[in-house]
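1. just to be clear, the model below is a prediction. Sequence and coordinates:
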2 protein chains.
Amino acid sequence: MSERHAFDTAVALAPRGEDLFEGHTSPAYANMIGPYGGITAAQALHAVMQHPGRIGDPVALTVNYAAALTDGPFIAHARPARTNRSTQHWIVEIRQGDEVMVTATVFTALRRETWSASEAPAPQVPRPEDVPRPQGRGRVEWIHRYDMRFVEGEIPAIWEGHDQGHSRTRLWVRDQPPRPLDFTSLAAIADVFFPRIWRRRATLVPIGTVTMTVYFHADAAMIAATGTQYLLGQAQGQAFHKGYFDHSGQLWNEAGHLLATTHQVVYYKE
Amino acid sequence: MSERHAFDTAVALAPRGEDLFEGHTSPAYANMIGPYGGITAAQALHAVMQHPGRIGDPVALTVNYAAALTDGPFIAHARPARTNRSTQHWIVEIRQGDEVMVTATVFTALRRETWSASEAPAPQVPRPEDVPRPQGRGRVEWIHRYDMRFVEGEIPAIWEGHDQGHSRTRLWVRDQPPRPLDFTSLAAIADVFFPRIWRRRATLVPIGTVTMTVYFHADAAMIAATGTQYLLGQAQGQAFHKGYFDHSGQLWNEAGHLLATTHQVVYYKE
């Protein structure tokens, strides 16, 4: 009998009435304060995926981190704000007691065959097997749930505090142990990039993601075909201004298909 | 006595009880079907800006277009889902009758002085005064509310149906007649880019924006300093796949400051 993957345990939700699901924070995905933002995004999306009224697959997800979840149970309230013939708009709120910890919106749709193209080709990088894994044990638990192989811009080994000129990182990443990709785990991986301001400045300033958006360019068939492949991730900041910076990122599979694009805004101090 | 600007008329909202505001669609910003998406985004944001409980300036806005608004009045329901010491997370719903037409989330915050930088420099292009305005009268009303001067990738004059290889557009843009910039008008301008699939394919396929996110990298002082300057806008698609494409965009002022970055997902047919 195979053991349940830590990711499946982390995103498990129990129905608690109409539009309501109960989940629990996961020690396996703990961050410095509260959970890894990617697992919270996955939990919000999973509430929609489990909803009996859902139409279609996720196309867009925006998650807003209003407060760090406290270790323990939470309620995800996922309701279809609008249902059209082949599309649906969702509002999700994650609460602990009376407090809203997370808000999210999700757009799901039935996709049809159309003309298709990409204008964001995967960069040429060494194969994941040829890229060493970082040495040493990280300070937070969640990073051990991912096999990360940095091609460019890994987390600084020395916090020298010099401006690095830009904040781009490229890495191969997949669940550890490997787990076949689905929309929920792809949403989680979209938050895998360590804070761009740490990369840019090689300085450990306090940070916290306040909002993340994920656009899914893969349908269920492309996700299934990706299976346990590594994903190639790339992220770079565009602006760092008065306490908030953004980044833009892309995630390709090993075959070079762009599975998702992602953006986020992160609070920083100093 | 100066006439009220069409933009101010379009975003005007009247309080209708706690968290509720009544607005009206604007003939001046009419699109092919329903209103220009930018004016809808501005109306959703304006409900938050007018809310007596608001803390801080907008940092992030996500607007989801659930259905085309019908010409006439609407109710914007803007509530603070979570209020922290210096930040606030908002949920907005725009309804007509019992139907939800738009959902949105907004993040507002008090900004502090910090280290700042940009990694998205403005491209070198001719000055707005040296760029001719497009000839002819557009088919939809809202485009006459903007002075648009295309530097690259203007709306095709001939729909020849050949793949253009990429979908990038660069243009100078400002309200017409000029109006001093504010957060609300900046949100509206973020949707000014005509559909990237028309640019890429030079083919008029049916389209509709389903979600747009705007990240504000300007504080109130930088917005005020921009005044009635032109903004330099740039947008390019990343993926076109089975009925939905995304684009990423940037908006700089004439001084070269990155005021906002923006992303959206657009439905397309064929």
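-> Arrived safely, thanks for sending. Numbers count the residues shown, from 1 in each chain, chains lettered A, B, ... in the order given.

2. count of residues packed around the closest residue to A:Met222 other than its chain neighbours?
-> Nearest-residue entry for A:Met222: A:His257, 6.0 Å, with adjacent residues in sequence omitted and distances by C-beta to C-beta, 6 or more residues apart in numbering or on different chains. (Glycine included, C-beta is placed from N, CA and C.) Taking other C-beta atoms under 10 Å in any protein chain shown as the neighbour definition, A:His257 ends up with a count of 18.

3. which residues touch the residue nearest to A:Asp163 when sequence neighbours are not counted?
-> For A:Asp163, ignoring the flanking residues on the chain, the nearest one in space by C-beta to C-beta, 6+ apart is A:Arg201 at 6.1 Å. Applying C-beta atoms under 8 Å, 6 or more residues apart in numbering or on different chains, one finds that A:Arg201 lies in contact with A:Gly161, A:His162, A:Asp163, A:Gln164, B:Trp115.

4. OK, contacts around A:Tyr268?
-> With the criterion set at C-beta under 8 Å, 6+ apart, A:Tyr268 makes contact with A:Pro195, A:Ile197, A:Val205, A:Pro206, A:Ile207, A:Phe240, A:Gly243, A:Tyr244, A:Phe245, B:Thr114.

5. out of those, who's the most crowded?
-> Among these, the one with the most neighbours (other C-beta under 10 Å) is A:Phe245, at 29 neighbours.

6. quick check: beta-bridge partners of that residue?
-> Counting by DSSP bridges, A:Phe245 is bridged to A:Phe240, A:Val266.

7. and it, what does it touch?
-> Contact analysis of A:Phe245 by C-beta under 8 Å, 6+ apart lists A:Arg196, A:Ile197, A:Gly237, A:Ala239, A:Val265, A:Val266, A:Tyr268.

8. now tabulate those residues in CSV and tack on pLDDT.
-> What follows is the contacts of A:Phe245, written out as CSV (pLDDT from 0 to 100):
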residue, pLDDT
A:Arg196, 98
A:Ile197, 97
A:Gly237, 98
A:Ala239, 98
A:Val265, 98
A:Val266, 98
A:Tyr268, 98
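
9. A:Thr83: which of the residues you listed is nearest?
-> Taking C-beta to C-beta as the measure, A:Val265 is the one of the contacts of A:Phe245 closest to A:Thr83, at 29.4 Å.

10. how close does the residue nearest to A:Ala30 when sequence neighbours are not counted get to chain B?
-> For A:Ala30, the nearest residue in space outside its immediate sequence neighbours is A:Glu141; the separation is 4.3 Å by C-beta to C-beta, 6+ apart. Using C-beta to the nearest C-beta, to the nearest Å, A:Glu141 is found at 25 Å from chain B.

11. surely A:Glu141 meets A:Thr25?
-> No. With contacts defined as C-beta atoms under 8 Å, A:Glu141 does not count as touching A:Thr25, sitting 11.5 Å away.

12. the more surrounded of the two?
-> For the pair A:Glu141 and A:Thr25, the greater number of neighbours falls to A:Thr25 (21 against 16), based on other C-beta under 10 Å.

13. ok, A:Ile223 - how many residues close by?
-> 20.

14. which bits of the stretch 101-250 of chain A sit near chain B?
-> By C-beta under 8 Å from any C-beta of the partner chain, the residues of the stretch 101-250 of chain A that approach chain B are A:101, A:103-105, A:107, A:109, A:111-120, A:163, A:166-167, A:200-201, A:210-211, A:213, A:215, A:217-219, A:236-244, A:246, A:248, A:250.

15. now, which of the residues you listed lie within strands?
-> Counting by DSSP state E, the members of these that fall within strands are A:101, A:103-105, A:107, A:109, A:117-118, A:210-211, A:213, A:215, A:236-241, A:244, A:246, A:248, A:250.

16. so A:Met212 bridges to which residues?
-> Taking DSSP bridges, one obtains A:Val63, A:Gln264 as the residues bridged to A:Met212.

17. which regions of chain A sit below the pLDDT cut-off?
-> Applying pLDDT under 70 to chain A picks out residues A:1-2.
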